[in-house]
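1. here are the coordinates; sequence isn't available:
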Ligand SMILES: *[C@@H]1O[C@H](CO)[C@@H](O)[C@H](O)[C@H]1NC(C)=O
Ligand SMILES: *[C@@H]1O[C@H](CO)[C@@H](O)[C@H](O)[C@H]1NC(C)=O
Ligand SMILES: *[C@@H]1O[C@H](CO)[C@@H](O)[C@H](O)[C@H]1NC(C)=O
Ligand SMILES: *[C@@H]1O[C@H](CO)[C@@H](O)[C@H](O)[C@H]1NC(C)=O
Ligand SMILES: *[C@@H]1O[C@H](CO)[C@@H](O)[C@H](O)[C@H]1NC(C)=O
Ligand SMILES: *[C@@H]1O[C@H](CO)[C@@H](O)[C@H](O)[C@H]1NC(C)=O
Ligand SMILES: *[C@@H]1O[C@H](CO)[C@@H](O)[C@H](O)[C@H]1NC(C)=O
């Protein structure tokens, strides 16, 4: 808007430029809509800006919250996919409530939600195609059968942006939660809200995501992923509503997110037991920063429980949690294989938490009986520092495996204040090894106190941190 206002109040030459600019903008298809007289310029940051623009409304979509727009999304994205090699395209979702089933993204493409746009996930199973379970899991998470494709799905893509002025995507998950609780899914796995598979250069930013049927954001087998400025909201008792699950991904940056959920706010994964071991694709080079979590029965950041392809080089900083069960939790089991190593977390602030430090080696859910009982997870090099936690029930519960101790644990500069009725055994440790320094209350004997140790946190920059976003604009039609 700013440029137009400026142009209008200035001299003739500027007026001419304004007319030229308007002329260019009106050639954009958005401006063709009959009821619209004013153009609003949307500005946003993205990995890549796009040359072509269209509005969902041009493809016969109806924003009444009742009409299914599955076909309109499909037609719009298929028709914009032809610009992939000609500067790419952006699809603007205008103000309105756009009901849809699952739809597929395309490469060199931006899905942009206006601030008053709501994408509503259909509650009809028939609106979600089913396909095979993930190869690194071997089975679905809700049942052994196929899985519903996610509401927004993409596979084998490059350069995809999903963003908006905090526009909303509402998964309308209630009906799916009920089916899950009542065992009415016929062995199928509920749809995620956004899943991007086998892709690179992905951005998901500045959106409000609510009530996903199960996990919200699931980048899998992908690299160069930026997730920024998401508000993710689900009831704290909704089943499996993980916020963000980077799964077998390399170079991922998650920042400035606020997550309230019924499961882990962030769950870092890499496949399940023998399937994950065979697939062999770790999650590595992951940055998580400035994330706030509320999840009374789950972790702020979970590593696992599916970690059979390995998890390494995770850097978490400036993490806040309120009324959350645990901080950065490791979940694993016999049969997982894989590893969790070179994990770094610093500057964490927790208020009302059951376990500040929690590692579990008995997270014994398996895809089937074919897991290898000799496949032991390797957990080593876990570093936590600069932690303040208030109103805590247990400082730590750290449970390694007798046959496979967790080693290289370093915890420094931690002040924990306990609840009114704290448990007697504050540090409950078994089969672990490492050090602590400046930790209150004092840790268990497995983690002896050493003076003036500062646990490491890497100071080099990962390539994903060097990625700069471009300043993009889109013209959107607004009502007069
Ligand atoms: C998201 O919105 C914030 C606040 O308006 C803005 O500072 C930031 O640049 C936006 N991020 C992107 C990736 O558009
Ligand atoms: C999306 O793509 C997948 C994989 O190619 C396919 O199985 C599915 O049917 C597609 N979904 C839609 C809604 O077309
Ligand atoms: C997508 O990429 C994977 C891994 O490279 C490959 O196995 C699969 O065949 C590709 N699928 C399509 C539809 O191209
Ligand atoms: C913990 O308390 C000590 C002593 O008051 C203080 O020096 C230190 O900075 C505190 N640590 C954190 C992470 O705030
Ligand atoms: C402290 O934690 C307990 C749960 O252990 C909770 O019931 C209580 O409300 C919390 N107090 C404050 C002041 O947040
Ligand atoms: C200590 O941890 C073990 C294993 O995680 C658990 O079985 C036990 O109940 C805990 N003990 C206490 C007193 O919390
Ligand atoms: C985007 O715009 C901001 C200020 O509006 C500027 O500081 C920044 O350098 C620009 N970024 C690029 C990549 O041009």
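-> That came in fine, so what should we check first? The structure presented is a predicted model; accordingly, all values stated were derived computationally and were not measured. Ligands and ions are numbered 1, 2, ... in the order given.
2. shaky segments in the stretch 51-200 of the chain?
-> Within the stretch 51-200 of the chain, the set of residues satisfying pLDDT under 70 is empty.
3. which residues of it lie near ligand 7?
-> Residues of the stretch 51-200 of the chain lying close to ligand 7 (CB under 6 Å from any ligand atom): none. For the C-beta atoms, the positions are set from N, CA and C on the backbone; glycine is no exception.
4. near ligand 1, which residues of the stretch 51-200 of the chain are found?
-> So far as CB under 6 Å from any ligand atom goes, the stretch 51-200 of the chain lies against ligand 1 at residue 163.
5. can you give me the strands for the stretch 51-200 of the chain?
-> Remark: strands assigned in the stretch 51-200 of the chain by DSSP state E, counting those that start in this stretch are 52-55, 89-93, 96-100, 103-104, 109-113, 117-121, 130-131, 147-148, 152-155, 158-164, 167-170, 194-197, 200-210.
6. what's the answer for the stretch 351-480 of the chain, then?
-> 378-399, 406-418, 427-430, 432-440, 470-478.
7. out of those, which gets nearest to residue 41?
-> Residue 41 sits nearest to strand 470-478 of all the strands of the stretch 351-480 of the chain, at 5.5 Å, using CB to CB.
8. taking this structure, what residue is nearest to ligand 4?
-> Nearest residue of the chain to ligand 4, counting by CB to the nearest ligand atom: residue 415, 3.7 Å away.
9. what is the neighbour count of the residue lying closest to residue 334 once chain neighbours are set aside?
-> Residue nearest to residue 334 in three dimensions, not counting chain neighbours: residue 373, with 5.8 Å by CB to CB, 6 or more residues apart in numbering. For residue 373, the neighbour count with other CB atoms under 10 Å is 7.
10. pLDDT score for residue 373?
-> Here, the pLDDT recorded for residue 373 equals 97.
11. so it makes contact with residue 335?
-> Yes: look at residue 373 against residue 335 with CB atoms under 8 Å: they come within range, at 6.0 Å.
12. could I get the average pLDDT for stretch 298-313?
-> 98.
13. quote the end-to-end distance of that stretch.
-> Terminal residues of stretch 298-313 are spaced 22 Å apart (CA to CA, to the nearest Å).
14. pretty sure residue 247 contacts residue 282?
-> No: taking contacts as CB under 8 Å, residue 247 lies outside contact range of residue 282: 10.3 Å.
15. for those two, work out which one has more neighbours and name it.
-> Ranked by neighbour count (other CB under 10 Å), residue 247 and residue 282 place residue 247 first, with 27 against 22.
16. check contacts around the more buried one.
-> Contacts for residue 247 (CB atoms under 8 Å, 6 or more residues apart in numbering) come out as 136, 218-221, 268-271, 283, 306.
17. next: residue 230.
-> Residue 230 neighbours (CB under 8 Å, 6+ apart): 204-209, 217, 243-244, 257-259.
18. if we go to 6 Å?
-> Counting by CB atoms under 6 Å, 6 or more residues apart in numbering, residue 230 touches 207, 257.
19. a strand runs through it, doesn't it?
-> Yes: counting by DSSP: H, G, I helix; E, B strand; the rest coil, residue 230 is located in a strand.
20. and the gap between it and residue 95?
-> Taking CB to CB, to the nearest Å as the measure, residue 230 falls 20 Å from residue 95.
21. one more: residue 44?
-> 16 Å.
22. check residue 320 too.
-> Taken as CB to CB, the span from residue 320 to residue 95 is 32 Å.
23. same check on residue 473?
-> Taking CB to CB, one finds residue 473 at 18 Å from residue 95.
24. repeat for residue 210
-> 17 Å.
25. ditto for residue 434
-> 54 Å.
26. can you report how many residues neighbour residue 464?
-> Residues near residue 464, counting by other CB under 10 Å: 17.
27. wait, what's in contact with it?
-> 251, 253.
28. where does pLDDT dip in the stretch 301-450 of the chain?
-> In the stretch 301-450 of the chain (pLDDT under 70), no residue qualifies.
29. who in it is up against ligand 5?
-> 352, 391, 393, 419.
30. hmm, the first one is touching residue 324, no?
-> Read that as residue 352. No: assessed by CB atoms under 6 Å, residue 352 is found out of contact with residue 324, at 7.7 Å.
31. which one's more surrounded, the two?
-> residue 324 (28 against 17).
32. and that one, how far is that from residue 295?
-> Taking CB to CB, one finds residue 324 at 5 Å from residue 295.
33. same thing with residue 166?
-> Distance from residue 166 to residue 295, by CB to CB: 21 Å.
34. show me where the protein has helices.
-> 2-9, 12-26, 70-80, 174-181, 273-279, 463-466 (DSSP state H).
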